[in-house]
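Asks: Mind folding the following:
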Amino acid sequence: MASSKPLARFWEWGKTIVCVGRNYAEHAREMRAAIPTEPVFFLKPSSAYLREGSPIVRPAYCRDLHHEVELGVVIGKTAQGVSEEAAMEHVAGYALCLDMTARDTQEECKQKGLPWTRAKGFRTSCPVSDFVPKERVPDPHRLKLWLKVNGELRQEGDTSGMIFSVPAIISYLSRILTLQEGDLILTGTPKGVAAVQGGDEIEAGVQGVLSMRFRVEEEQK
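Replies: Sure, this is the predicted structure:
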């Protein structure tokens with residue numbers, strides 16, 4: 001039976017956010033990290049979702065907040081142990097997303113061998129655009145992503161540069177997790193990640209598809 005919930009408002013469902021890390025070789029190199037041989041992923045809580053019109057809030061414990069622009073894949077039906085060949089049947093559409101990262105906190109966690117949740121899962125750490133039905137995106141591997149801060153271009157990359165394709169990611173994740181309708185997968189960021197400060201304005205887009213804009217604010221101590 002089809003869901004009675006409007007899939008275009010998936011961020012209201014309280015669903016899982018799965019983030020794939022180091023999925024662009026140049027970004028892995030700029031982070032001085034090894035290029036993965038299989039997808040590396042982590043989770044964000046649903047409270048990380050942020051819609052346009054509300055500010056990105058830098059946590060009080062963070063001194064170095066970075067932007068990461070990513071293509072998001074919205075799951076349209078349950079995927080469990082699916083093959084790469086069948087994976088796209090489980091895609092409802094796409095969204096542009098930001099994986100906001102408390103970089104200094106992440107480095108501290110890495111050094112101590114701790115999970116990255118404080119660095120990646122804080123409130124407002126996953127700004128999302130409007131939903132884009134998959135019919136509007138014939139090939140998710142031929143999209144140009146870009147991000148500007150205060151009008152200055154910071155990130156620009158093509159999804160053809162992903163190490164692991166969308167079907168490969170869905171197939172891999174579905175062997176570990178049960179992906180459900182409304183879940184969101186962030187597919188990694190191209191190079192050019194950098195810091196933002198309170199008062200900065202971030203604008204990001206998928207060329208020829210959509211764009212979005214967010215302001216950064218500091219958390220009040």
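Asks: Going by C-alpha atoms from here, please, whenever you check contacts or count neighbours.
Replies: OK.
Asks: List the buried residues of the lowest-mean-pLDDT helix or strand in the chain.
Replies: Confidence across the helices and strands of the chain bottoms out at helix 25-30, with a mean of 92, counting by mean pLDDT, DSSP states H and E. Applying a neighbour-count criterion of 16 or more other Cα atoms under 10 Å, the buried positions in helix 25-30 are 25-28.
Asks: Could you do stretch 200-212 as well?
Replies: For stretch 200-212, burial by neighbour count (16+ other Cα under 10 Å) applies to 201-206, 211-212.
Asks: Quick check, central residue of the protein?
Replies: In the chain, the C-alpha nearest the mean C-alpha coordinate belongs to Leu186, at 3.4 Å (Cα atoms, centre = their mean).
Asks: gap between that residue and Asn150?
Replies: Separation of Leu186 from Asn150 (Cα to Cα, to the nearest Å): 24 Å.
Asks: now Ser160
Replies: Ser160 sits 27 Å away from Asn150, taking Cα to Cα as the criterion.
Asks: Likewise for Arg9?
Replies: With distances defined as Cα to Cα, the gap from Arg9 to Asn150 amounts to 28 Å.
Asks: and what of Val82?
Replies: From Val82 to Asn150 the distance is 42 Å (Cα to Cα).
Asks: Which one's more surrounded, the two?
Replies: Neighbour totals were compared for Val82 and Asn150, and Val82 leads with 21 against 13 (other Cα atoms under 10 Å).
Asks: Skipping its backbone neighbours, what lies nearest that one in space?
Replies: If the residues on either side of it in the chain are set aside, Val82 comes closest to Ser171, at 5.3 Å by Cα to Cα, 6 or more residues apart in numbering.
Asks: so the one you found sits in a helix?
Replies: Yes. Assessed by DSSP: H, G, I helix; E, B strand; the rest coil, Ser171 belongs to a helix.
Asks: Surely it is in contact with Glu89?
Replies: No. Contact criterion Cα atoms under 8 Å: Ser171 and Glu89 do not qualify, at 11.3 Å.
Asks: And these two? Which one has more around it.
Replies: Ser171 (23 against 14).
Asks: In contact with that one, which residues?
Replies: Contacts were defined as Cα atoms under 8 Å, 6 or more residues apart in numbering; by that measure Ser171 touches 81-84, 87.
Asks: per-residue confidence for it?
Replies: Ser171 is assigned a pLDDT of 98 by the prediction.
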